[in-house]
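need a 3D model of the following:
(4 chains)
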Number of protein chains: 4
Amino acid sequence: MTISVEQLLPDELLETIRGRAAGYDDRNEFCHEDLKDLADAGYLKMFAPVDGGGLGFGLEQVAAAQTRLAAAAPATALAVNMHLVWTGVAHALSSRGDAGLDYVLDEAAAGDIFAFGISEPGNDSVLFDSRTAAEPTGDGGYRFSGTKIFTSLSPVWTKLGVFGKDTSGDEDSLVYGFVERSAGGYTIKNDWNTLGMRASQSCTTLLDGVEVPADRIFRKLPVGPNPDPLIFSIFATFETLLAAVYAGIGRRALDLAVDAAHRRTSAKHEGRSYAQDPDVRRKVASAAMAMDRLLAHISTTAAQVDALADHGQWWFPKLVSVKVHASETARDVVDAAIRVSGGGSYFRGSELERLYRDVLAGIFHPSNDDSAHATVANAWLGPVEE
Amino acid sequence: MTISVEQLLPDELLETIRGRAAGYDDRNEFCHEDLKDLADAGYLKMFAPVDGGGLGFGLEQVAAAQTRLAAAAPATALAVNMHLVWTGVAHALSSRGDAGLDYVLDEAAAGDIFAFGISEPGNDSVLFDSRTAAEPTGDGGYRFSGTKIFTSLSPVWTKLGVFGKDTSGDEDSLVYGFVERSAGGYTIKNDWNTLGMRASQSCTTLLDGVEVPADRIFRKLPVGPNPDPLIFSIFATFETLLAAVYAGIGRRALDLAVDAAHRRTSAKHEGRSYAQDPDVRRKVASAAMAMDRLLAHISTTAAQVDALADHGQWWFPKLVSVKVHASETARDVVDAAIRVSGGGSYFRGSELERLYRDVLAGIFHPSNDDSAHATVANAWLGPVEE
Amino acid sequence: MTISVEQLLPDELLETIRGRAAGYDDRNEFCHEDLKDLADAGYLKMFAPVDGGGLGFGLEQVAAAQTRLAAAAPATALAVNMHLVWTGVAHALSSRGDAGLDYVLDEAAAGDIFAFGISEPGNDSVLFDSRTAAEPTGDGGYRFSGTKIFTSLSPVWTKLGVFGKDTSGDEDSLVYGFVERSAGGYTIKNDWNTLGMRASQSCTTLLDGVEVPADRIFRKLPVGPNPDPLIFSIFATFETLLAAVYAGIGRRALDLAVDAAHRRTSAKHEGRSYAQDPDVRRKVASAAMAMDRLLAHISTTAAQVDALADHGQWWFPKLVSVKVHASETARDVVDAAIRVSGGGSYFRGSELERLYRDVLAGIFHPSNDDSAHATVANAWLGPVEE
Amino acid sequence: MTISVEQLLPDELLETIRGRAAGYDDRNEFCHEDLKDLADAGYLKMFAPVDGGGLGFGLEQVAAAQTRLAAAAPATALAVNMHLVWTGVAHALSSRGDAGLDYVLDEAAAGDIFAFGISEPGNDSVLFDSRTAAEPTGDGGYRFSGTKIFTSLSPVWTKLGVFGKDTSGDEDSLVYGFVERSAGGYTIKNDWNTLGMRASQSCTTLLDGVEVPADRIFRKLPVGPNPDPLIFSIFATFETLLAAVYAGIGRRALDLAVDAAHRRTSAKHEGRSYAQDPDVRRKVASAAMAMDRLLAHISTTAAQVDALADHGQWWFPKLVSVKVHASETARDVVDAAIRVSGGGSYFRGSELERLYRDVLAGIFHPSNDDSAHATVANAWLGPVEE
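You can find the predicted model right below:
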């Protein structure tokens, strides 16, 4: 590592970013200034190798950075997360001897911004099937048509990773490629108006025959679960970095709880600090213990990905577990912080009021709680016979 | 009972009220039209006796009505709740042979709107001490000076029930009275800008020597816990009706979960209804069981208040329990409904998005979870020696 | 009511019964003396009408009595519960205008002891199918062959209510009848050697063609769920009285927790009573709140059964909910009491050590947690299409 | 590492040990044969360096071994745990440059068995104060008098590590030393008759002036919390290895749940395997996710102890957290396994019946849940001002 996470994201930069979060949220506006500051700091090229102009981070460091960033501005961290996923996938493949997406790292180092155009409305098969059509152009390229939702970084991406289903052959296949922003053939709807995570501007993208040339088609896989390293790499990076983002919310909520405990006093107990109140102490302790477990879980998991640990069939259960652990724990800790902080946290403009809205998003990202349990049940009990 | 709860609040009226909720929330606006419709229906005189022009309801019926109303519009129910508390207190006292507040029932029947000016910033003794000054005017009246928060119905109340501390005598006493809207000597801040429950417009009220004449001073009690029937009546009515409001949110969320389960389908399972999904079924069942327990708890408790049950020292533990049961269960059921409904519920304009914001308010009303546990611990283990 | 629950079970009798519980448990012995004392007190004829020599209790009173008894000796209460179920069924039918089982009430008043021979190994359809053969004898009687488990009161019953499947006709039917102890044609295995609830001696009963004459065959129903009042009456009585037994365990554990809190002192806090310890206070308060909710739930449900409330399709969800509420809450309260009591409760001979073993049985009785949720899900979402 | 954990504890040995567990439990008998087999395998000298005749394990390996052993026989693992704590303390000190207890490692390699005579009745200060008197003999040795409880390995230890308070000087001090079994001056009561963990025979030891010579007095510390590396080493080893034992119970329960799911079938669902039942799948998945989190937590924490990570004041919160995480999770997983396994697990002789009894012990060891939260609260909020 050429630089530490704390050097990459010094306190001063984080304070600047935190200071903008309420405004972006209120105006339902993309975090342009944050992204510029992060890009200037080298944040978007963390996964690129040092000799390729990057920071040479592995997943453990990037996860730590995302936790630190999310503690300042969750929606900004969530937005940039999707860029980090594609570059993390390229890094994970490269570490495993597959240089096929090295260009992603090069381009990220050169300034490109990658977005994640995978999620589709009503597609609960997620990576294992698609409702988007991938029509071969005849020269190895494809035209994609369909609806992609939750496309974070909508206003600014330069490359959008998509997938769709090619039904033209004997067997259906799922085709992956990168769309150029300049390509045309798609529309970004201005429809991101959500409870929280507003600065991520994760709008809907309508693909209307957008063309991806052959050299940017990077995978064709059969429909259904698949052992291809691409799938592992997406899962590993996506789940771990999402976990890191929500851990950051939890981490911040814990600090806000501690601050509130020290700031508030009890009239009933002659001005005693809330930090002395047994119920407050218990809640802060429980939250701190929960965060300690979570942060250990994320860093251990990320380090094992970096170390090419061979967990075989147990990898997917492990990865969905860490994501669900994070999204649920973050909610619990925000809840505890709100209880410690009292009615003041119910007012607009309080940071906890925003965190309460932001943190809910965690349960909707794949793998959600139900699908995570299904993945784990499959590993331990075998598949459901339908 | 002259009329049933369903006749008082027919489905059509509830749909009208539900239809306005999103708009009030979005515009941060008091629910004027709702209040007019409710007043026209006789809702504000539920507790007044039939021969006094009211509906002759007891606490059990009023609680059922509030649950039904809150399922349509939580903030409207919460706003009107405070009027119902004062009239409910008058009713409870009357039932117990104390006619001292019968004029509250008469005036409510005649159109007055009562608000609850008790809560004060930082006063965690709630009813047992006050930071508001009550200065005797010499003729039996008092001038009140201090800050009252969470004054629901701010834009419309005609009488505000307040209390303050008179420190002029040998022993401090807590003085209760009703302020007339026309009295002057107070300011209503336009500061209600919260996460949810926005239509209640529970603004801050600054009392600046507002005068209450002797005939509207209705209690003087020593500082500290007190067996006066007024205290019991406030507790019983306040806690039970708050429970009813939050039960209404839970009840509505359960219906929304059922609707979502029937509406959504799974592509992974060939279009199978989510109502067939085992995880969805489990969540709906858990939520339904929780609501069944809660509604039984509220109606039983309210019926016991109406029946003048003599629980002695166990009344306070029972009353705080039912409120906490409601505010916590409602949150759990809203959470389950959101999980069943999926990402669509994260968008502004979805009813669950609003319920997620509204329901949080429940944890802040007294008795909050910690003080409720303290009350129960006192009853079972004796007081804390400090 | 001719007599109150407290008069029926005075403290002195309960202390006697409590005093025997450890011995029965240790020797894995049926509670003969307890049963005799209860019979002498009239406990076994609670449901019989006053003019039939009984106490004229309804379900609400019997449930309260069972809670009181179980707080002294859970296994004794569980044993006698099964007798109470059959007499309660007869009472519930009688209240609904069906005098067909009035003889059960008469015989109970005359000294008969009824046992419940319904459960079968591996039959998760419980009342809706049977693995026991019911072979018609030609004169309206039946011969039953099969295995019945959890037959409480094995050493002492005089009449055993059983059911089996008659497959001799065009449509299979489930046939209910009462076996006489003197009938022969069955074997009681001496196989009750369990973690807890040992004094109930709920042994396995092998039916080997035991004959029930025509006048003691009391129902023939088609296989599958059924609206017959017998099914409702069994469900209502069985679930409510089981709930009452486990509520009694919880109630006792709460008292033991309070006692321990007052008895124990903290050296670290200069001999301060554990009743002053914030964590202990919180645990006792939570347990007390849980018990308050549970006891209200049981008494309300039982009173509604007595009042012939018409909940239609919602009755079954309500009844399974109250049982699960009780069996789960009792476990939580025992757990809290053990934590409050500390390591001493881990030693054999401590009452909590036994309650920890007894209380686990609650999760195994029908309806267990999973089937209860399935029942509730069916009511709210419709059946699973398989 | 000279040998892997799996080589040290091969499946065959574990099956032998598991096969004895029910008998020891039933007869309330110390696990003599297990201990001999473990000693023969080198298990008692895991922490001793390779060049000192040991296995050269660090805490991470020993914890993994204890989890593996406890999955076969919890009480055996718990018994030997106390020997492992003293040798682990010696190892931890040695790794930190303090060779003062190297003789413990030498003696363990030579066959000595160490026991842990620290816990005292009613001493909730645990390591920070003592009710045992330590009286100086004048030549640097001490005579100890007091009561030690939970002395695992009572029948077999050769050296007992104790501490007591010397009040003879200007300031009280806590004195640590090793008692020889041959010393005389103490009595081992035959009083271990508990719900579970019976084979550990953790009897009470009455110290009646037992003398420890000067060369076996290894620490004198002031009363109260203390930064001495001995305290850290005891905490780190004790909490981590206890966590490992309870993790082993959870791990075994998970396997038993999976076995039961595959073994049981549902008559209601035409013989469908319980492994196909959605509720069973959910429970197994939740349990598996919980175990995954726990095992990651333990191994990460142990590895950090081995790596001499400098967590400063955060070490104690981290260590108590991992122990509480384990003891609570193990209970949850045993509970899930019992639910999956059904009524059969309620019978004596079922392994889960024993695990249900064994696992409860976890909540009583220090740090219990309350004291753990207090430790964490102190770290985050500062101490309680009394």
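
quick one, helices of chain A?
Along chain A, counting by DSSP state H, helices occupy A:5-8, A:11-27, A:32-41, A:59-70, A:74-95, A:102-109, A:229-263, A:278-306, A:315-341, A:351-360, A:369-381.

the last one near chain C anywhere?
Yep, that's helix A:369-381 we're talking about. No. On the criterion CB under 8 Å from any CB of the partner chain, helix A:369-381 is out of touch with chain C, staying 14.8 Å away. Bear in mind the C-beta positions are built from the backbone N, C-alpha and C, glycine included.

buried residues in that helix?
A:369-381 (16 or more other CB atoms under 10 Å in any protein chain shown).

give me the subset of those residues touching chain B.
Applying CB under 8 Å from any CB to the buried residues of helix A:369-381, those adjacent to chain B are A:369-370, A:373.

among those, which ones lie close to chain D?
A:His373.

helices or strands next to the least confident helix or strand in chain A by mean pLDDT in the packing?
Within chain A, no helix or strand scores below strand A:265-266, which has a mean of 93 by mean pLDDT, DSSP states H and E. When contacts are defined as 3 or more CB pairs under 8 Å, 6 or more residues apart in numbering or on different chains; DSSP states H and E, strand A:265-266 packs onto strand A:272-273.

ok so, going back, so what touches the least confident helix or strand of chain A?
Contact with strand A:265-266 is made by A:271-274, A:277, B:122, B:124, as judged by CB atoms under 8 Å, 6 or more residues apart in numbering or on different chains.

okay, now the sheet partners of that strand, with direction.
strand A:272-273 (antiparallel) (DSSP bridges).

hmm, who's touching the partner strand?
A:261-262, A:264-266.

if I pick the residue nearest the centre of chain A, what's in contact with it?
Geometric centre of chain A, nearest residue: A:Leu242, 3.6 Å, by CA atoms, centre = their mean. Counting by CB under 8 Å, 6+ apart, A:Leu242 touches A:81, A:323, A:326-327, A:362, A:365.

and A:Val376, by the same measure?
Contacts of A:Val376 (CB under 8 Å, 6+ apart): A:317, A:320-321, D:284-285, D:288-289.

now do A:Phe114
By CB under 8 Å, 6+ apart, the neighbours of A:Phe114 are A:82-83, A:85-87, A:104, A:107-108, A:157-161, A:178.

for A:Asp124, same thing?
A:371, B:266-269.

one more time with 6 Å, if that's ok
By CB atoms under 6 Å, 6 or more residues apart in numbering or on different chains, the contact set of A:Asp124 is B:266-268.

out of the residues you listed, who's nearest chain D?
B:Ser266 (13.8 Å; CB to the nearest CB).

which strand residues bridge the closest one?
Under the criterion used (DSSP bridges), B:Ser266 bridges to B:Arg272.

tabulate the contacts of A:Val376 (a markdown table), appending neighbour count and pLDDT.
Shown next, in a markdown table, are those (neighbours: other CB atoms under 10 Å in any protein chain shown; pLDDT from 0 to 100):
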| residue | neighbour count | pLDDT |
| --- | --- | --- |
| A:Pro317 | 22 | 97 |
| A:Val320 | 25 | 97 |
| A:Ser321 | 27 | 97 |
| D:Val284 | 28 | 98 |
| D:Ala285 | 25 | 98 |
| D:Ala288 | 24 | 98 |
| D:Met289 | 23 | 98 |
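
out of the residues you listed, who's nearest chain B?
Among these, and counting by CB to the nearest CB, the member closest to chain B is D:Ala285, at 10.5 Å.

what about stretch A:108-115, how long is it end to end?
Length of stretch A:108-115, first residue to last, CA to CA, to the nearest Å: 11 Å.

buried sites along it?
For stretch A:108-115, by 16+ other CB under 10 Å, it's A:108-109, A:112-115.

that older thread, got the contacts of A:Leu242 as JSON lines, with distance to D:Ser341, pLDDT and neighbour count columns?
What follows is these, written out as JSON lines (distance: CB to CB, whole Å; pLDDT from 0 to 100; neighbours: other CB atoms under 10 Å in any protein chain shown):
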{"residue": "A:Asn81", "distance to D:Ser341": "42", "pLDDT": "98", "neighbour count": "25"}
{"residue": "A:Lys323", "distance to D:Ser341": "30", "pLDDT": "98", "neighbour count": "27"}
{"residue": "A:Ala326", "distance to D:Ser341": "31", "pLDDT": "98", "neighbour count": "27"}
{"residue": "A:Ser327", "distance to D:Ser341": "31", "pLDDT": "98", "neighbour count": "27"}
{"residue": "A:Gly362", "distance to D:Ser341": "33", "pLDDT": "98", "neighbour count": "28"}
{"residue": "A:His365", "distance to D:Ser341": "34", "pLDDT": "95", "neighbour count": "21"}
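
of those, closest to chain B?
Looking across those and measuring by CB to the nearest CB, the closest to chain B is A:His365, at 8.9 Å.

ok, the residue nearest to that closest one when sequence neighbours are not counted to chain C distance?
Computed as CB to CB, 6 or more residues apart in numbering or on different chains, the closest residue to A:His365 that is not its neighbour in sequence is A:Leu242, at 5.4 Å. Per CB to the nearest CB, to the nearest Å, A:Leu242 is found 30 Å from chain C.

got the confidence number for A:Glu386?
A:Glu386 is assigned a predicted lDDT (pLDDT) of 67.

over to A:Asn226?
86.

so what's it up against?
Counting by CB under 6 Å, 6+ apart, A:Asn226 has no contacts.

could you report the separation of A:Phe178 from chain C?
Where chain C is concerned, A:Phe178 sits at a distance of 42 Å (CB to the nearest CB).

that residue touches A:Thr158, doesn't it?
No. Judged on CB atoms under 6 Å, A:Phe178 makes no contact with A:Thr158 at a distance of 9.6 Å.

looking at the two, which one has more neighbours?
A:Phe178 (25 against 18; other CB atoms under 10 Å in any protein chain shown).

ok, what's across the strand from the more buried one?
Residues in beta-bridge contact with A:Phe178 (DSSP bridges): A:Gly161.

could you report the neighbour count for the nearest residue to A:Val210 once chain neighbours are set aside?
Ranked by CB to CB, 6+ apart and with sequence neighbours excluded, the top spatial neighbour of A:Val210 is A:Gly185, at 3.5 Å. If you count neighbours by other CB under 10 Å, A:Gly185 ends up with 15.

show me what from the stretch 201-350 of chain A comes close to chain D.
A:258, A:261, A:275, A:281-282, A:284-285, A:288-289, A:292-293, A:296-297, A:300, A:321 (CB under 6 Å from any CB of the partner chain).

switch to 8 Å and redo it
So the stretch 201-350 of chain A meets chain D at A:254, A:258, A:261-262, A:275-276, A:280-282, A:284-286, A:288-289, A:292-293, A:296-297, A:299-301, A:317-318, A:321, A:324-325 (CB under 8 Å from any CB).

for ChimeraX, what selects the buried ones among these?
Buried residues within those, by 16+ other CB under 10 Å, are selected in ChimeraX with:
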select /A:254,258,261,275,276,280,281,282,284,285,286,288,289,292,293,296,297,299,300,301,317,318,321,324,325
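
how about the residue of the stretch 51-200 of chain A found nearest chain D, nearest residue that isn't a chain neighbour?
When distances are taken as CB to the nearest CB, the stretch 51-200 of chain A reaches nearest to chain D at A:Glu60, 12.1 Å away. Excluding the flanking residues, the one nearest A:Glu60 by CB to CB, 6+ apart is A:Ala302, at 4.0 Å.
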